[in-house]
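Structure for this input, please:
(2 chains)
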Amino acid sequence: MAARSRRWSRRGVVLGRLVLRRVLLAVPTLFGISLVTFALVNLAPGEPDAGTGGAGLRSTAVTREAAENVRRTYGLDLPVFLNFDVQDRGKRIQRSLRELDQPATAPLAQRRLVAATTLALDELVEALVKAEASKGTVLRHILARILERIGEPGGPALAQGPVGEIEKWWRSRRRSLAPGAVRAVVGRLAAGEPGAEPAVRRIHRRAVPPLMARLFATKDPAVRMRLTRALSDITGHVVNYDPLAPVTERRSVMGQWRDWWRAEETVHRDLSGSERFVGTFSRTRYARWIGRLVRGDFGESHYFKQRSADIIAERLPVTLALNLAALLLAYLLSVPLGVWSAVNRGRWLDRAVTAGLFVLYSLPTFWVALMLIIFLGGIEGPDIFPTSGLHSFRPQDYPAGSPALDLLWHAVLPVFCLSYAALAVVSRYGRAGMVEVLDQDYIRTARAKGLGEGVVVWKHGLRNGIIPLVNLLGLQIPYLLSGSVIIETIFDIPGLGSLTLLAIEQRDTNVLMGVISITALLTMAGLLLADLLMIWADPRISLERSSEVES
Amino acid sequence: MNESRRVSVIRRLLRQRLTMAATGVVALLMVTALGADCMASDLPVLLSYQGKLYVLPNISRPGALRPHDNHTLRRDLAGASKGWAVYPLIPYGPNQTQPGGALDLNVRPGTGEHLLGTDDVGRDVAAQLLHGARVALLVGFVAVLIYMVIGLFLGSLAGYLRGTVDHLVSWGVAVMLTFPTFLLILVIQGLVASQSLWGVMLVIGLTGWAGVARLVRGEVLRIRGLPFVEAARGLGASHTRILLRHVLPSALGPVAVAATFGMASAILVETALSFLGFGPDAPSWGRLLAAAQVNRPSWWLTVFPGLAIFVTVLSVNFVAEGLQDALDPHHKARLPRDWAD
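Now for the predicted structure:
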């Protein structure tokens, strides 16, 4: 008894080590997969059309600015893997001021500076002091528009006045834009004090960082609503938080602001030297994606206008359920079939079954699916099975009035198509494993002991014959997921597979990357599960592994 | 492989009737692929027209006949112009949308001159089937060739050099094997949107090497420890010579089996891609099935190309299995997926 419990605790240790090793191995593997697919998805020609307007419209400064903003929101202005030119507030403003000298870039630069409002004032006033007359006119024009935007009293007159006056005004006005003062005003807005809203508008863009910090810190719907209203008003990125909206929509709003801030933070803030160095790696599309991924966030879908994670979460159970059903069916049928085939090995029935399984294996899934739809779905021949979706549209179409039966009825053809190829593979392995086992000495011993043939085969034989099938379980998952793409498309099932195709067609990169990551994770989990089942099924393995690990 | 072993392998192969039948089917498919133009074309095989004799104008496509197809030619020959023509078995081209001048959409099989009917834009199904054999076999062959080269190279390096190279290759293989390859191919094809035949072959080839690399690595690891390799090293042979002359030839048997199974699965991948609309822009069996998917009442668009795919894949798989039995009569059940994944 003691020996037995020692053995089990030893197995526990080995098990723990194995799991740890699998997980440690999974990390670089997932990293490799994400790197490859991310490069693929992001370096492929063509961008998602995220409302950037037609190509013909991009020629004016207004549409060019809009396109620039959208590109920044989706991170398309960032390099994919390494960023050697990390932008921040100061750099952007300086660049725009320089671009004012070029006739080609001037209109866009002007719009950018005006849009930056209070963020640009430091550099703008400084440039104005140093500028010659011709450039001074442009700068004064920009200043006038900024002052107009923030509702500065006497703004236009001030902008046209002497440079000394402007400098003096800025020296005093600057104090009200100091970080501490701004935070206080934002705090008043969050608390819902009257008069705080115009005060925030006067601080304008400089209020954005504390507003964002507040927005992410609070859980109060009313505060969120007030803050997003002020942010929409200032930034022109109009996404309002509605406390009465459904939860997915509210989550989408918060996600959109988070996405926006990730893109816009460096527009509103200066970076220190170390931040800039880290930015070489972190301010890239890939790092941004990984950063979100860690929090289970795949970003906003361009096509569905919803969080990708929500879409995937909605569709994943469908695919999982269908595949699990298929796998279960395949194993339930193929284990007895394999055993029976091995017991009767060499007879013509066994040969016929083996050949039949080989034929089954060679049948292309998409063809079988289409044939079933045509000949069992009422196009040519009887209309037995429904061929589209997982539910009948009208409740009166439910068989025997039961929605569960309706679902089952809809699932028959897809599950069959998903399972038959697995069935062919699994029973071949099962037969081979059993054939090998039945030749072993201990089977002969069991027979010699006078045990019945049933006990010999199904108890002694199966226990070892089943081991290769367990290992196969993990390897089947990638194939099932690939098969889901085709089957779900043909049967019009709203699962992960049809989502993949849709995401490819719409170039919905966030959804696509999400699907790929989930798929890779599922595969890893399947391999781990197969390993654990292997240890459970085959005691020899844990001993071998333990000696291997310890040596 | 020495002489006597080779003879015994061939003898074992010949004894398997099923394998020989399958080989026959594959040979027939190859002939079809090569001669598709002479079996289905909009131009005759032999033509005497306006006093000139054209030999195989369906392949050379002379400029003088450019505006013509089977319909206009036949009208001309029946009317004013003197001459005669020998048409191929199926007198339609695979991409010809208006055979006979009329827009024959969704014609049922057996009606008129369309043996297997037409699709939703009026292309003859039989002609597409014959030309589809070319695409299927070409993709299967070239794609497998590409990934065999990659797999052989990486696998033999890993198995022979071991150490860091082995670790790197094994990691790459593990990554590729755990990932659903078809999904990867789909993503590449969908995003890069290359509609060329060579693009499809390249994509399948570049994603399929992992199984072969693993197989070759294992074989090389096994063989490099055998006495005859040691003997070669003792005789002062260089690493390259040992690898190319002694180790790799001994590993080629399983690789040939893997290549044959791989061809079947590459054909399946190509048809699946075409079916989903990401395939090459060529007459393909998958393209016909894609037309069937949106046009379900035309059952003949499903039945015939599907049968063609099925028969092809089955025959190639049978050949592979026969090859495996012949090379290694006592093999454990290794499976196509094990090889070709």
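
ok, how many other residues are close to the residue of the stretch 401-550 of chain A found nearest chain B?
Closest to chain B within the stretch 401-550 of chain A is A:Ala432: 3.0 Å, counting by C-beta to the nearest C-beta. Quick note: C-beta positions are derived from backbone N, CA and C, even for glycine. Each residue near A:Ala432 was counted by other C-beta atoms under 10 Å in any protein chain shown, and the total is 20.

do the same with the one 10 residues further on
Other residues near A:Tyr442 come to 12 when the count uses other C-beta under 10 Å.

right, and it touches A:Lys459 too?
No. Applying C-beta atoms under 8 Å, one finds A:Tyr442 not in contact with A:Lys459, separated by 11.7 Å.

circling back to that earlier point, what about the residue of the stretch 401-550 of chain A closest to chain B, which helix or strand?
Assigned by DSSP states H and E, A:Ala432 belongs to helix A:403-438.

How about that helix, which residues are buried there?
The neighbour-count check on helix A:403-438 (16 or more other C-beta atoms under 10 Å in any protein chain shown) flags A:406, A:409-411, A:413-435, A:437-438 as buried.

How about the residue of the stretch 101-250 of chain A found nearest chain B, nearest residue that isn't a chain neighbour?
Using C-beta to the nearest C-beta, the single residue of the stretch 101-250 of chain A nearest to chain B is A:Thr248, 26.7 Å away. Take A:Thr248 and drop its neighbours on the chain: the residue closest to it by C-beta to C-beta, 6 or more residues apart in numbering or on different chains is A:Asp310, 5.5 Å away.

A:Val359 too?
Closest to A:Val359 by C-beta to C-beta, 6+ apart is B:Leu314, at 6.2 Å.

helices or strands up against the host helix or strand of the one you found?
B:Leu314 is part of helix B:300-327, with elements assigned from DSSP H and E. Applying 3 or more C-beta pairs under 8 Å, 6 or more residues apart in numbering or on different chains; DSSP states H and E, one finds that helix B:300-327 contacts helix A:348-362, helix A:365-376, helix B:3-15, helix B:17-34, helix B:125-161, helix B:248-276, helix B:285-294.

report the angle between the axes of the fifth one and helix B:17-34?
Inter-element angle recorded for helix B:125-161 and helix B:17-34: 110 degrees (by axes from the mean of the first three to the mean of the last three C-alpha atoms, to 10 degrees).

what's the next secondary structure element after helix B:125-161?
Following helix B:125-161 in sequence order, the next helix or strand is helix B:163-178 (DSSP H and E).

Find the centremost residue of the chain, please.
Using chain A. Chain A has A:Gly514 as the residue nearest its centroid, 2.5 Å off, counting by C-alpha atoms, centre = their mean.

meant chain B, my bad for not saying
B:Leu137 (2.2 Å).

check contacts around it.
When contacts are counted by C-beta atoms under 8 Å, 6 or more residues apart in numbering or on different chains, B:Leu137 touches B:29-30, B:33, B:267, B:312.

Give me the buried subset of those residues.
Buried among these by 16+ other C-beta under 10 Å: B:29, B:33, B:267, B:312.

The last one is in contact with B:Ile267, isn't it?
The reference is to B:Thr312. Yes. Counting by C-beta under 8 Å, B:Thr312 does reach B:Ile267; the two are 6.0 Å apart.

which neighbours do those two share?
B:136-137.

quick revisit: can you say which of the helices and strands packed on helix B:300-327 is nearest to A:Ile535?
Closest to A:Ile535 of the helices and strands packed on helix B:300-327, according to C-beta to C-beta: helix B:125-161, at 27.9 Å.

OK, contacts around the residue nearest to B:Leu243 when sequence neighbours are not counted?
Distance criterion C-beta to C-beta, 6+ apart; nearest residue to B:Leu243, sequence neighbours excluded, is B:Tyr160 at 5.4 Å. By C-beta under 8 Å, 6+ apart, the contact set of B:Tyr160 is B:220, B:224, B:239, B:243, B:247.

Which pair of the residues you listed spans the longest distance?
Taking C-beta to C-beta, the two most distant members of these are B:Val220 and B:His239; they sit 12.1 Å apart.

How about the residues of the stretch 101-250 of chain B by chain A?
B:171-172, B:174-175, B:178-184, B:186-188, B:190-193 (C-beta under 8 Å from any C-beta of the partner chain).

so where is the chain shaky, pLDDT-wise?
Unless you meant another one, I'm taking chain A. A:1-11, A:44-59, A:539-551 (pLDDT under 70).

actually chain B
Ranges of chain B meeting pLDDT under 70: B:1-3, B:80-81, B:98-104, B:112, B:193, B:329-341.

Just give the number of residues close to A:Tyr398.
Neighbour count of A:Tyr398, defined by other C-beta under 10 Å: 16.

Over to A:Gln94?
For A:Gln94, using other C-beta under 10 Å, the count is 12.

Run through the neighbouring helices and strands of the host helix or strand of it.
Per DSSP H and E: A:Gln94 is located in helix A:89-99. Counting contacts by 3+ C-beta pairs under 8 Å, 6+ apart, helix A:89-99 is packed against helix A:106-116, helix A:121-130, helix A:247-268.

Which of these has the highest mean neighbour count?
helix A:106-116 (a mean of 20; mean count of other C-beta atoms under 10 Å in any protein chain shown).

Could you check how far that helix is from the centre of its chain?
In terms of C-alpha atoms, centre = their mean, to the nearest Å, the gap separating the centre of helix A:106-116 from the centre of its chain is 34 Å.

Other residues contacting it?
So helix A:106-116 is in contact with A:61-62, A:64-65, A:68, A:89, A:92-93, A:95-97, A:99-100, A:120, A:124, A:138, A:141-142, A:145-146, A:149, A:205, A:236, A:267, going by C-beta under 8 Å, 6+ apart.

Drop anything exposed from the residues you listed.
Applying 16+ other C-beta under 10 Å to the contacts of helix A:106-116 flags A:61, A:64-65, A:68, A:89, A:92-93, A:96-97, A:99-100, A:120, A:124, A:138, A:142, A:145-146, A:149, A:205, A:267 as buried.

B:Val220 and B:His239: which is more packed in?
Each of B:Val220 and B:His239 has its neighbours counted (other C-beta under 10 Å); B:Val220 has more, 25 against 11.

burial of the nearest residue to that one once chain neighbours are set aside, as a residue count?
Of all residues not flanking B:Val220 in the chain, B:Gly159 sits nearest, at 3.0 Å (C-beta to C-beta, 6+ apart). By the criterion of other C-beta under 10 Å, B:Gly159 has 26 neighbours.

Look up how far chain A lies from B:Gly159.
20 Å (C-beta to the nearest C-beta, to the nearest Å).

can you pull the contacts of that residue?
When contacts are counted by C-beta under 8 Å, 6+ apart, B:Gly159 touches B:166, B:216-221, B:224.
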